[in-house]
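In: A structural model of the following input is requested.
(one chain, ligands or ions: 1)
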Amino acid sequence: MRRGILLIVPALLAGCAGRHNWLASAGAEAQRVEDLFWVLLIGAVLIWCLVIGAAVYAHRRQVDPSLETQARRFILWGGAVFPTVVVGALLVWGLVILRDITADEGDLTVRVDGERWWWRVIYETPEGDVVTANEIRLPVDRTAFFRLTADDVIHSFWVPALGGKMDMIPGRETTLALTPVATGNWGGLCAEYCGGAHALMRFDTIVMEQEAFDAWLAAQAAPAQVAEGDPGLEVFQAEGCGACHTIRGTEAQGPVGPDLTHLASREKLGAGLYDMTPETVARWITDTHAMKPDIDMPPYPDLQGDRLDRLVAFLMSLD
Ligand code: CUA
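Out: Numbers count the residues shown, from 1 in each chain. You can find the predicted model right below:
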């Protein structure tokens, strides 16, 4: 039994470490949730000690009928008034936090659609929507207002180090505010079971200085720089990739899969799973379901040799 506990504790603590650490408080909203957590935890421990102490005390004392009134008063105050006040105050505190973290305005607006099993990310700018996928970049010390929805099943959007989690529901829009206070790469994930590749539905949240963010967003807004007659683009079109994927600036306008216009600018491939390298991209194309089971993209095992090399070189040029 004790060995079991010894094994479980490090496993639980491991979940708290690193870039998914919800106690890291790299965001203003995460800090508020964390404050509430510590008050709840410490308060619960104190109240538990008080109740156990009172029970032990009562057990040891002789029954004394003359103290009946005093005992009733103790039960009334300690057992009814005190919990009502404490729970009521916590409820109000929690509701205020909930109101603030679902605030409906921010310094920038990002729409995120949960797909099976990846993230469609759309930045709303005065010049129009900027579409990307599976990687979210945010400026530090600015409040990003997220408008969340889902394509066909319920997902849950969560960047533990930055703030609370929020359901993504088909046909509805939920909102969430995140105000990162530290630069870095914070992990995000789907926090609600949504089917086959749920556990492989992740994303990076890269928090940058404002200037770097502005430059990044401007680059994402631009169409892809593709040379006329690029041999890799010819493979891309011949294999029909453009039926599902969009590469702005080319004829590929497929709305089904992730936008690939600036694919190589992303750090990860497959919704937060693999480093973006020519090797992983090649394997993703030929051995798709070994890389990520259950996804809609079909594998292209017959695409090999020179044609595969040209396609991969083309995709890696989309930065
Ligand atoms: Cu999407 Cu779980």
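
In: and Q62, what pLDDT?
Out: As summarised for this prediction, Q62 has a pLDDT of 82.

In: on the three-state scheme, it is what?
Out: Of the three states, Q62 takes coil according to DSSP: H, G, I helix; E, B strand; the rest coil.

In: what is the neighbour count of it?
Out: Q62 has 4 neighbouring residues, counting by other Cβ atoms under 10 Å. C-beta coordinates here come from the backbone N, C-alpha and C atoms, glycine included.

In: mind listing what T261 touches?
Out: V131, T132, Q220, P223, A224, T246, I247, R248, G249, L318 (Cβ atoms under 8 Å, 6 or more residues apart in numbering).

In: ok, W118 next?
Out: Contacts of W118 by Cβ under 8 Å, 6+ apart are A133, N134, M201, G257, P258, G270, A271.

In: quick check: chain neighbours aside, which residue is closest to it?
Out: Once flanking residues are discounted, W118 sits nearest to A271: 4.1 Å by Cβ to Cβ, 6 or more residues apart in numbering.

In: show me what contacts the nearest residue to T246 once chain neighbours are set aside?
Out: What sits nearest to T246 in space, not counting adjacent residues and going by Cβ to Cβ, 6+ apart, is D259, at 4.8 Å. Contacts for D259 (Cβ under 8 Å, 6+ apart) come out as R120, V131, T132, A133, H245, T246, I247, R248.

In: before we move on, back to that, out of the contacts of T261, which sit inside helices?
Out: The helices, defined by DSSP state H, take in Q220 from those.

In: select only the buried ones of the contacts of T261 in PyMOL?
Out: Selection of buried members from the contacts of T261 for PyMOL, criterion 16 or more other Cβ atoms under 10 Å:
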select buried, resi 131+132+220+224+246+247+248+318
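
In: okay, the contacts of T261 in TSV with pLDDT and distance to the ligand next?
Out: What follows is those, written out as TSV (pLDDT from 0 to 100; distance: Cβ to the nearest ligand atom, whole Å):
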residue	pLDDT	distance to the ligand
V131	96	19
T132	96	18
Q220	96	23
P223	95	30
A224	93	28
T246	96	22
I247	95	25
R248	94	26
G249	91	30
L318	94	26
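
In: now the contacts of T261 in CSV, with distance to M297?
Out: Compiled in CSV, those are given as follows (distance: Cβ to Cβ, whole Å):
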residue, distance to M297
V131, 18
T132, 18
Q220, 22
P223, 23
A224, 20
T246, 14
I247, 15
R248, 20
G249, 22
L318, 17
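
In: just curious, which of the contacts of T261 is nearest to N185?
Out: T132 (15.8 Å; Cβ to Cβ).

In: helix, strand or coil for V207?
Out: With three-state DSSP as the basis, V207 sits in strand.

In: N185 too?
Out: Per three-state DSSP, N185 ends up strand.

In: re the thing from before, and the contacts of T261, which two are the farthest apart?
Out: Farthest pair in these, by Cβ to Cβ: T132 and G249, 14.5 Å.

In: what's the separation between the residue of the chain most remote from its centre and A103?
Out: Centroid-distance maximum for the chain: S66 at 60.3 Å, with Cα atoms, centre = their mean. Applying Cβ to Cβ, to the nearest Å, the value for S66 to A103 is 57 Å.

In: now do F236
Out: 41 Å.

In: residues of this structure that sit close to the ligand?
Out: G114, W117, H155, C190, E192, Y193, C194, H198, M201 (Cβ under 6 Å from any ligand atom).

In: now do the strands in this structure.
Out: Using DSSP state E, the strands of the chain run over 108-115, 118-125, 128-133, 135-139, 144-150, 155-158, 166-168, 174-178, 184-190, 202-208, 268-269, 274-275.

In: just say which of those is most tucked in.
Out: A comparison of the strands of the chain by mean neighbour count, using mean count of other Cβ atoms under 10 Å, puts strand 155-158 on top with a mean of 24.

In: pairing partners for it, with directions?
Out: With DSSP bridges as the test, strand 155-158 is paired with strand 166-168 (antiparallel), strand 184-190 (antiparallel).
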